[in-house]
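>>> here is a sequence together with a model predicted from it:
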Amino acid sequence: MAKERSKRYKAAVAVVENKRLKIEEAVKTIKKYPPVKFDESVELSFQLGIDPKQSNQVVRGTVSLPHGTGKKVKVLVFCRGEEAKEAEESGADYVGSEELINKVAGGWIDFDVVIAHPNIMKEISKLGKVLGPRGLMPSPKVGTVTQNIGKAVSEVKKGKIEFKSDRSGGLHLACGKISFQEEKLVENVKVVIKTIIDHKPSGSKGMYLRNVALSTTMGPGISLDVSG
């Protein structure tokens, strides 16, 4: 039996016009949604023209949001020695090696991003079953396995986020908070869309951005006109 939508959700739907909107119009529209008791995230959802079964068509990378996500990100760094000091000075929330590895292996996952120095990757490979399913395993492809620990931590804290397409060709990521000024949300959204376009796999044929929708945590999505 389908769950009955709340009055607030129905009121938000009433605000949405049944057509694709330009980014600026869409941001103005979600700002008109009936408010909730917390600062909702603003999210972008993509349906991409890729074959997700082909490994060379996975869309994966990072994007640095000019105004951040509005979320306090907890960063865990696996490293030793001078790099540990650098990580702490750059604002990492948790820094360590063997003891921290064992803690995570035991099921502790109170963090949002994991960064690692290359010389410790062998030791943390055993965490694949814990971190992998949650998309938290460090990877050189997205800059979370790096010798430049301080820079990586600073970028994440300022708004650098990772993205990866799923098994259905979809891709979802946050691009701010509803409390952000309209122009800041617009700028974040445009940067994300451009980044996803720039990551189009060479093997993708036909229409790449099949659908792009903007939504809030509790509100309905709005299809975006990203034709130019």
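Happy to help now that I have it.

>>> now do residue 67 against residue 179, distance only.
Residue 67 is 11 Å from residue 179, where distance means CB to CB, to the nearest Å. In short, each C-beta sits where N, CA and C put it, glycine included.

>>> next SSE downstream of the longest helix anywhere in the chain?
Among the elements of the chain assigned as helix by DSSP state H, the one spanning the most residues is helix 182-198. From helix 182-198 onward toward the C-terminus, using DSSP states H and E, the following helix or strand is strand 209-216.

>>> who touches the helix or strand just after that following strand?
Tracing the chain past strand 209-216, the next element assigned as helix or strand by DSSP H and E is strand 222-223. Residues from elsewhere that reach strand 222-223, judged by CB atoms under 8 Å, 6 or more residues apart in numbering: 16, 19-21, 26, 29-30, 211-215.

>>> least confident pick among the residues you listed?
Summarising pLDDT for these: the lowest-scoring member is residue 16, with 56.

>>> which of the helices and strands in this protein ranks last by mean pLDDT?
The least trusted helix or strand in the chain, going by mean pLDDT, DSSP states H and E, turns out to be helix 7-15, with a mean of 56.

>>> what is the next helix or strand along the chain from that one packed up against?
In the C-terminal direction, the helix or strand that comes right after helix 7-15 (DSSP H and E) is helix 23-30. With contacts defined as 3 or more CB pairs under 8 Å, 6 or more residues apart in numbering; DSSP states H and E, the secondary structure elements packing on helix 23-30 are helix 182-198, strand 209-216, strand 222-223.

>>> what's the angle from helix 23-30 to strand 209-216?
What separates the directions of helix 23-30 and strand 209-216 is an angle of 40 degrees, with axes from the mean of the first three to the mean of the last three CA atoms, to 10 degrees.

>>> pull the CA atoms of the longest helix of the chain into CSV?
The C-alpha trace of helix 182-198 is given here as CSV (Å, rounded to 0.1, in the frame of the first residue of the first chain):
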residue,chain,number,x,y,z
GLU,A,182,20.0,31.8,-4.2
GLU,A,183,23.1,32.9,-6.1
LYS,A,184,25.4,30.6,-4.0
LEU,A,185,23.1,27.6,-4.7
VAL,A,186,23.0,28.5,-8.4
GLU,A,187,26.8,28.7,-8.6
ASN,A,188,27.2,25.3,-6.8
VAL,A,189,24.6,23.6,-9.0
LYS,A,190,26.3,25.0,-12.2
VAL,A,191,29.7,23.8,-11.1
VAL,A,192,28.4,20.3,-10.3
ILE,A,193,26.6,20.0,-13.7
LYS,A,194,29.7,21.2,-15.6
THR,A,195,31.9,18.7,-13.7
ILE,A,196,29.6,15.8,-14.5
ILE,A,197,29.5,16.8,-18.2
ASP,A,198,33.3,17.0,-18.2
